[in-house]
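*Asks:* coords below, sequence missing:
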């Protein structure tokens with residue numbers, strides 16, 4: 001009862017802030033849709049799959065690792081402070097429900113933020129934080145600070161751009177437990193910068209079924225049918241949710257982390273093929289994804305012998321060309337409109353995303369930051385074999401929040 005009372009009071013306070021002034025829309029007094037939070041992350045799933053396909057199309061032969069969750073939240077900040085065509089483009093790219101107003105989405109965001117702070121398991125750590133950095137000389141509308149009291153920060157971009165850059169980098173580094181460093185390189189912020197939107201996400205989880213380090217052996221990994229290398233291959237036998245999807249042309253395995261909320265789902269082509277991963281991604285629609293992770297998932301528990309490479313990857317992605325493929329419109333141009341934030345002209349010029357993942361016998365550590373600135377056959381005999389000895393797709397998914405936290409394509413150990 002106390003929890004529900006707290007949520008009711010908090011949501012009432014949020015609505016009161018909004019209705020004090022028409023800040024986000026022309027009619028902030030409307031009652032938020034109570035189903036907004038669920039619809040928010042349906043959009044996040046579709047956005048995440050689209051982003052994965054766009055990044056893969058841009059880098060079809062490389063390892064991929066990124067946090068769609070981080071990217072989504074950075075763009076969500078942009079959506080909240082945008083108007084007109086900029087708002088329209090962001091709403092479409094983020095796959096927000098057309099029937100939902102910005103008030104619905106904002107209330108869903110605030111509720112999600114609150115629930116994330118009080119319902120997390122002690123068996124793993126997942127944090128997510130957003131920042132809206134504005135130049136100190138920009139006059140922010142008076143209704144904005146109460147709505148974004150945790151997110152809104154000022155920096156002296158005009159007079160001390162490099163100090164501001166280092167401040168943002170320090171915040172990202174601190175929020176990602178020193179995993180993401182120097183996301184903004186020297187020269188990326190200058191005296192013309194007036195708006196920076198940032199998100200930092202961090203995850204640390206222990207496998208529910210740990211891999212015994214004594215069973216980690218050097219083994220062959222087939223980068224392609226004609227190219228192979230040697231990797232440290234972790235091995236474990238246990239009961240895991242498993243399926244062979246004819247629709248996707250993939251063997252699917254769920255590796256849960258302690259706490260039960262978050263799992264890594266691995267989509268493995270059955271053979272070493274040049275286009276194995278590409279074929280999976282092409283067929284990985286929202287409907288197919290929800291068949292894997294949803295309430296009616298076809299995955300079923302069985303004994304599986306799992307072999308998984310031990311790996312450590314860090315990737316930086318220039319997001320603007322990726323988002324342009326997704327029709328982001330005028331968001332990163334001088335024609336953008338962020339008049340919800342201020343009546344002065346502010347704009348975003350670039351977007352960087354940096355992510356790092358460490359997968360070992362104990363579990364997984366992953367972090368990411370985003371800155372926006374100026375196939376089935378007859379069932380095999382027990383136990384099933386799941387050998388990740390060729391390229392595969394992996395997704396770290398929060399089942400409680402129904403959100404995709406991290407995604408990747410492992411093509412080689414380097």
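*Replies:* Everything's here; your move. Owing to the predicted nature of the structure, the values given are computational and were not obtained by experimental measurement. Numbers count the residues shown, from 1 in each chain.
*Asks:* Mind listing the strands the helix or strand that contains residue 407 pairs with, and their directions?
*Replies:* Under the criterion of DSSP states H and E, residue 407 resides in strand 403-410. Strand pairing for strand 403-410, using DSSP bridges, gives strand 64-66 (antiparallel), strand 392-398 (antiparallel).
*Asks:* pLDDT on the shortest one, on average?
*Replies:* To tie it back to what came earlier, the one meant is strand 64-66. The pLDDT scores in strand 64-66 average 96.
*Asks:* quick one: contacts of that strand?
*Replies:* With contacts defined as CB atoms under 8 Å, 6 or more residues apart in numbering, strand 64-66 is touched by 51-52, 55-56, 313-315, 317, 353, 355-357, 366, 368, 406-409. For every residue, glycine as well, the C-beta is placed using N, CA and C.
*Asks:* And the average pLDDT for stretch 114-127 is what?
*Replies:* Stretch 114-127 shows a mean pLDDT of 75.
*Asks:* ugh, typo on my part, it should be stretch 45-60
*Replies:* Mean predicted confidence for stretch 45-60 is 94.
*Asks:* and that stretch, how far from the chain's centre?
*Replies:* 12 Å (CA atoms, centre = their mean, to the nearest Å).
*Asks:* And the residue nearest the centre of the chain, how far from residue 164?
*Replies:* For the chain, residue 69 is the residue whose C-alpha lies nearest the centre (CA atoms, centre = their mean; 2.0 Å). Distance, residue 69 to residue 164, by CB to CB, to the nearest Å: 25 Å.
*Asks:* Which strand or helix spans the residue nearest to the centre of the chain?
*Replies:* Element membership of residue 69, judged by DSSP H and E, is helix 68-80.
*Asks:* now the angle from that helix to strand 403-410?
*Replies:* Calculated by axes from the mean of the first three to the mean of the last three CA atoms, to 10 degrees, helix 68-80 forms an angle of 130 degrees with strand 403-410.
*Asks:* what packs against helix 68-80?
*Replies:* helix 36-58, helix 84-93, helix 102-118, strand 124-135, strand 195-206, strand 351-359, strand 363-372, strand 403-410 (3 or more CB pairs under 8 Å, 6 or more residues apart in numbering; DSSP states H and E).
*Asks:* Check which helices and strands whichever helix or strand comes after the fourth one is in contact with.
*Replies:* What it means is strand 124-135. Sequence-wise, the next helix or strand downstream of strand 124-135 (DSSP H and E) is helix 144-147. For helix 144-147, the packing partners by 3+ CB pairs under 8 Å, 6+ apart come out as helix 2-19.
*Asks:* looking only at pLDDT, what's the mean for the helix it packs on?
*Replies:* Helix 2-19 comes out at a mean pLDDT of 42.
*Asks:* Give me the distance between the closest residue to residue 251 other than its chain neighbours and residue 45.
*Replies:* Excluding the flanking residues, the one nearest residue 251 by CB to CB, 6 or more residues apart in numbering is residue 268, at 4.7 Å. For residue 268, the distance to residue 45 equals 21 Å [CB to CB].
*Asks:* Can I get the buried ones among the contacts of strand 64-66 as something I can paste into ChimeraX?
*Replies:* Selection of the buried residues among the contacts of strand 64-66 in ChimeraX, burial being defined by 16 or more other CB atoms under 10 Å:
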select :51,52,55,56,313,315,317,353,355,356,357,366,368,406,407,408,409
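*Asks:* returning to that earlier point: ok, now which ones touch the closest residue to the residue nearest to the centre of the chain other than its chain neighbours?
*Replies:* Counting by CB to CB, 6+ apart, the nearest residue to residue 69 once its immediate chain neighbours are dropped is residue 405, at 4.8 Å. Applying CB under 8 Å, 6+ apart, we find residue 405 in contact with 67, 68, 69, 126, 201, 203, 262, 366, 396, 397, 398.
*Asks:* count of neighbours near the fifth one?
*Replies:* Other residues near residue 201 number 28, with proximity taken as other CB atoms under 10 Å.
*Asks:* mind listing what it touches?
*Replies:* So residue 201 contacts 67, 69-70, 73, 126-129, 176, 367-369, 405 (CB under 8 Å, 6+ apart).
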